[in-house]
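# Build the 3D model from these lines:
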Amino acid sequence: QAQPVESGGGSVQAGGSLRLSCSVSRGTLSSSFMGWFRQAPGQEREFVAAISWTYDSPYYGDSARGRFTIARDSAKNTVYLQMNSLKPDDTAVYYCAVHSSGDLRHKDSYNSWGQGTQVSVVA
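Below you'll find the predicted structure:
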């Protein structure tokens, strides 16, 4: 099963930017979509964004729309999440996941998850 690996997290001041990367072995990848989720302490895992490997049709959760951009480089088997105008509320562990079936916004629609990368935004 394809296993995503995230990188690029860290600590940043409010208003700053970070770019997360997610590499995945597509040799065993049958899914057409990849997604980003995040989970803050004591909170549910929240949908951030998703993108197709084939079509340039990104999907965004409410918290990401207008500030975050998801992109993919199919040649490198890598998905990116560019995060701008970061706020302290964006502090969370960010996960990359392989979509299996169903609604892209629901975490149960994904069947393979990375280990997560911590993003901390300081006021």
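
# in this protein, which residue is closest to the centre?
The chain has W36 as the residue nearest its centroid, 2.1 Å off, counting by C-alpha atoms, centre = their mean.

# hang on, it packs against C22?
Yes: using C-beta atoms under 8 Å, W36 is in contact with C22, at 7.4 Å. Every C-beta, even on glycine, is put in place using the N, C-alpha and C of the backbone.

# shared neighbours of these two, which are they?
79, 81, 96 (C-beta atoms under 8 Å, 6 or more residues apart in numbering).

# could the residues you listed go into JSON lines alongside pLDDT?
Formatted as JSON lines, the shared contacts of W36 and C22 follow (pLDDT from 0 to 100):
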{"residue": "V79", "pLDDT": "95"}
{"residue": "L81", "pLDDT": "98"}
{"residue": "C96", "pLDDT": "97"}
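
# Okay, and which of those map to strands?
If you go by DSSP state E, the shared contacts of W36 and C22 have 79, 81, 96 in strands.
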